[in-house]
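Undergrad: Predicted model, plus sequence, below.
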Amino acid sequence: MEFASFIVFFVIACTLGGVLLGISSLLGQKRKIVRKNDVYESGVNAVGSATRQYDVKFYLTAILFLLFDVEIVFLLPWAMTFNQASNQAFLLKGFIFFMVILLVGYIFVINSKALKWDE
Amino acid sequence: MLESAIEILLKTIVILALPLGALPLIIHVERRGAAFMQKRLGPNRVGPFGLLQPLADVAKFMFKEEVHPTHVKPFFYVAAPLVALVVAILPLACIPIAAPFELFGRTIFPEVFRTDMGIFYAFAVSALGSYGILLAGWASNNKYSMLGALRACAQMVSYELSLSTSVVAMIFLYGTNDIHQMIGAQTGYWFGFLPKWGVFIQPVAAMLFLVGIFAESNRLPFDLAEGESEIVAGYHLEYSSMKFALFFMAEYIHMIALSALFIILFFGGYALLPGMSFLAEKSPILLVALQALSLITKIALMIWFFVWVRWTLPRFRYDQLMTLGWERLLPLGIANLIITVLFVYYRN
Amino acid sequence: MGVDILLTILTVVFALMVVFSKKTVVSAFALLMTLLCLAMIYFQLGTVFLSAVQVLVNAGAIAILFVFVMMLIDLEQFPNNRERNKIKLVISIFTILIIMGVLALIINNNIDTLTVINLSDNSMKALFEKLYNTYYLPFEMATVLLLAAIVACVVITNHRKDDDSDNEGADKGVHP
């Protein structure tokens, strides 16, 4: 039942987007001007391709996000179980240990200046 | 069987029509609000108070020439706006607009599908939001677009961390993932006048979440992905006509969905606004209408807040943005979580 | 309803696209679709939690793949030389052996693969109980593993070369 509702919602959302895209390609003007289809470079000719090396920091940010995100995903069910749990002291110990390790990782990242963008 | 099919269809249509119908109005409010704050007039020619201007804009988007640049990756170039829009719409599926009510002998849950893990679902799906932008930037094959997409991705993921810590803190406090139970915990008053909203228990988490939704939806002061003074328009630079409009719609719907989540966690969701409860006692249908009205009012106020901030604060520099995310907000979020857990444990 | 069969077929098709596509971005996109289809299958089996985790973690993971592809110059034009073909051959043989081994195990042990596992969000809650009480050691070790990963990726990417000053500024995406 839930899944059926989700599928209906998903399909309708997709159709909506598709119809909107279709409308403008049906109704829009069509002109063939070659220069218009060039790369936009503020009015000058583009130099080189756009696939070039970018700063590795973008990648580092993304991968650090993934690692911290996995840690937080571990905490979400923990937060849900804690209130109904009988042995809260034990769960708390696990949480403290977990957070200490997380903080060690975090302090390492900050100390290594890996995420300093202004240097 | 037929009844449930009709129910699903009706719910889907209502939940899609509300934000999509409100879009032109929101865009109008944004433009008039901008004009108001800058002592300009704003759009006021088409219809009364310029209210028909958004319709004229829609017509313009439809009839505009579709520029399809030659250097793009064709499939992903067309797919990107579609992905952006669909992903922005999906989190709306489990946001309830009122409490469950009885109609024709059926209990109706006023969200598209009901699950215990509502908040979790909405949160996970809205995390997909960076894909539309990444795909658009990459498929456009333009340096400005590429930089815009990379910036947007790095920024969204950075602020998602502090946002997640505040969500964990709130789930911990409510002890549930179910949106209806969360709102149930926020109905009522302390001392007879102060609503039991989450924001009064967890102001730090509320602040983190608020900053997070500004960054997630790429709104000023976090709109580095389209900072026009540096990278012209960022990821949607090569898009025109309806394809551009889809990105535009996606941004606003993302804003609405995230505001709704914020309101559910911190401002009581569909819980009645103060002063409405004496009206609601008259009939159950009136109660449902008032609850929907409360939610819509709260979201409208949030949208106005977005506009207000946009025309008040200047844009951050990129290194400031990353420092704020990683070195200020994330430790604040972790500290807030630890303090909350210890406080709850030692109070019991 | 047949939605489950459709989803299964889609998952397999996208998974094949990951392997056989020549373009890296198409592969990454197909991988994303595979994982999203898997999430939908979890949803259909009745556990929203599992599918949400699937989306949350994998969404981030593949966004990173995208960024990685975007950062590299012309990854699509890798020379298709013999060295690479040899590696491909070795990997394919290993994969086929593993798949055959798994199939042999299933057939020999008469594992009924069609048993419907009773998944639901309530059974997930029971799982959390186990995770944080009985299996607390693996749970804590997971963070240690993540810590190692954090240290590794910072150390690998955070070379500070003093001599490459010609590519500074504009490519960083920050104000000069």
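TA: Nice, I can see it.
Undergrad: wait, doesn't B:Asp223 sit right on B:Arg315?
TA: Yes - counting by Cβ atoms under 8 Å, B:Asp223 touches B:Arg315, with 6.5 Å between them. Yep, even glycine has a C-beta here, placed from its N, CA and C like the rest.
Undergrad: give me the number of residues near A:Tyr54?
TA: Neighbourhood size, A:Tyr54 [other Cβ atoms under 10 Å in any protein chain shown]: 22.
Undergrad: can you list the residues of the stretch 1-150 of chain B near chain C?
TA: B:73, B:76, B:115-117, B:120-121, B:123-125, B:127-128, B:130-131, B:134-135, B:137-138, B:146-147, B:149-150 (Cβ under 8 Å from any Cβ of the partner chain).
Undergrad: picking up where we left off before, neighbour count: B:Asp223 and B:Arg315, which is higher?
TA: Using other Cβ under 10 Å, the more surrounded residue of B:Asp223 and B:Arg315 is B:Asp223, with 21 against 17.
Undergrad: Tell me who's in contact with the more buried one.
TA: Residues near B:Asp223 by Cβ atoms under 8 Å, 6 or more residues apart in numbering or on different chains: B:Arg315.
Undergrad: Quick check on it: phi, psi?
TA: phi -90, psi 50 (degrees, to the nearest 10).
Undergrad: Can you tell me how far it is from B:Ile89?
TA: Distance of B:Asp223 to B:Ile89, given as Cβ to Cβ, to the nearest Å: 21 Å.
Undergrad: same question, C:Val55
TA: Counting by Cβ to Cβ, the gap from C:Val55 to B:Ile89 is 15 Å.
Undergrad: what do you get for B:Ala271?
TA: 25 Å.
Undergrad: what stretches of the chain score poorly on pLDDT?
TA: Reading this off chain A. Scanning chain A for pLDDT under 70 picks out A:50-53, A:119.
Undergrad: wrong chain, I was asking about chain C
TA: Applying pLDDT under 70 to chain C picks out residues C:1, C:59-60, C:63, C:65-83, C:110-122, C:159-176.
Undergrad: Just give me the longest helix of it.
TA: helix C:82-109 (DSSP state H).
Undergrad: Helix or strand next in line after it, which one?
TA: helix C:121-133 (DSSP states H and E).
Undergrad: Next up, the contacts around the closest residue to C:Leu56 other than its chain neighbours.
TA: Leaving out its chain neighbours, the residue that sits closest to C:Leu56 by Cβ to Cβ, 6 or more residues apart in numbering or on different chains is B:Ala124, at 4.3 Å. Taking Cβ under 8 Å, 6+ apart as the contact definition, B:Ala124 lies against C:51-53, C:55-56, C:59.
Undergrad: give me the element B:Ala124 is part of.
TA: helix B:118-126.
Undergrad: What is the following helix or strand past that helix packed up against?
TA: Following helix B:118-126 in sequence order, the next helix or strand is helix B:130-140 (DSSP H and E). When contacts are defined as 3 or more Cβ pairs under 8 Å, 6 or more residues apart in numbering or on different chains; DSSP states H and E, helix B:130-140 packs onto helix B:74-89, helix B:143-174, helix B:241-266, helix C:24-45, helix C:48-71.
Undergrad: what angle sits between helix B:130-140 and helix C:24-45?
TA: Calculated by axes from the mean of the first three to the mean of the last three Cα atoms, to 10 degrees, helix B:130-140 forms an angle of 160 degrees with helix C:24-45.
Undergrad: Identify the residue nearest the one residue sitting closest to the centre of chain A in space, chain neighbours excluded?
TA: Nearest residue to the geometric centre of chain A (Cα atoms, centre = their mean): A:Ala62, 8.1 Å. Nearest non-adjacent residue to A:Ala62, counting by Cβ to Cβ, 6+ apart: C:Ile64, 4.4 Å away.
Undergrad: The closest residue to B:Arg32 other than its chain neighbours and B:Leu313: what is the separation?
TA: Nearest residue to B:Arg32 in three dimensions, chain neighbours excluded: B:Gly42, at 4.5 Å (Cβ to Cβ, 6+ apart). For B:Gly42, the distance to B:Leu313 equals 20 Å [Cβ to Cβ].
Undergrad: and if you look at B:Gln181?
TA: 36 Å.
Undergrad: do B:Phe278 as well
TA: From B:Phe278 to B:Leu313 the distance is 39 Å (Cβ to Cβ).
Undergrad: Neighbour count for these two, which is higher?
TA: For B:Phe278 and B:Leu313, the more surrounded residue by other Cβ under 10 Å is B:Leu313, and the numbers stand at 12 against 8.
Undergrad: List phi and psi for that one.
TA: Dihedral angles (degrees, to the nearest 10) for B:Leu313: phi -100, psi 140.
Undergrad: so how far is B:Val307 from it?
TA: Computed with Cβ to Cβ, the distance linking B:Leu313 and B:Val307 is 12 Å.
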